[in-house]
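**Q** model this:
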Amino acid sequence: MYIAIPPKLCVSEFMSYLKGKSTLMLFDRHPEYRSKWGDRHFWARGYYVSTVGNVNEETVRKYIQEQEENDK
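**A** A predicted model of the protein is given here:
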């Protein structure tokens, strides 16, 4: 997943929001998942974040696409 956030945002707060909101949206669209993850602990507790340095966005997107193709 490639996400660009403004430097003024706190990474940990953004990740908390992203994981929480995506869980709510997933459960709303797939109510059957609530029985498996009823306490809403859908995602793992941690996360990994890295910067891309001097690499441009196109290069990162291409890399992600290649990883998705390798996983098929």
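
**Q** how about the helix ranked longest in the chain: buried residues?
**A** For the chain, the longest helix by residue count, based on DSSP state H, is helix 11-29. Across helix 11-29, burial judged by 16 or more other CB atoms under 10 Å covers 15, 23, 27. Every C-beta, even on glycine, is put in place using the N, C-alpha and C of the backbone.

**Q** give me the mean pLDDT for that helix.
**A** Throughout helix 11-29, pLDDT has a mean value of 90.

**Q** immediately after that helix, which helix or strand?
**A** helix 57-71 (DSSP states H and E).

**Q** out of the buried residues of helix 11-29, which one sits closest to residue 64?
**A** residue 15 (17.8 Å; CB to CB).

**Q** and the gap between that closest one and residue 4?
**A** 14 Å (CB to CB, to the nearest Å).

**Q** return the distance of the longest helix of the chain from the chain's centre.
**A** How far helix 11-29 lies from its chain's middle: 8 Å, per CA atoms, centre = their mean, to the nearest Å.

**Q** with just CA atoms, put that helix into PDB.
**A** Provided in PDB are the C-alpha atoms of helix 11-29 (Å, rounded to 0.1, in the frame of the first residue of the first chain):
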ATOM      1  CA  VAL A  11       2.100   8.900  11.400                       C
ATOM      2  CA  SER A  12       0.800   6.900  14.500                       C
ATOM      3  CA  GLU A  13      -2.500   8.900  14.600                       C
ATOM      4  CA  PHE A  14      -3.000   8.500  10.900                       C
ATOM      5  CA  MET A  15      -2.400   4.700  11.000                       C
ATOM      6  CA  SER A  16      -4.800   4.400  14.000                       C
ATOM      7  CA  TYR A  17      -7.500   6.300  12.000                       C
ATOM      8  CA  LEU A  18      -6.800   4.200   8.800                       C
ATOM      9  CA  LYS A  19      -7.000   0.900  10.600                       C
ATOM     10  CA  GLY A  20     -10.100   1.900  12.700                       C
ATOM     11  CA  LYS A  21     -12.100   3.400   9.800                       C
ATOM     12  CA  SER A  22     -11.200   0.500   7.400                       C
ATOM     13  CA  THR A  23     -12.400  -2.000  10.000                       C
ATOM     14  CA  LEU A  24     -15.700  -0.200  10.400                       C
ATOM     15  CA  MET A  25     -16.200   0.000   6.700                       C
ATOM     16  CA  LEU A  26     -15.400  -3.700   6.200                       C
ATOM     17  CA  PHE A  27     -17.800  -4.800   8.900                       C
ATOM     18  CA  ASP A  28     -20.500  -2.600   7.500                       C
ATOM     19  CA  ARG A  29     -20.100  -4.100   4.000                       C
END
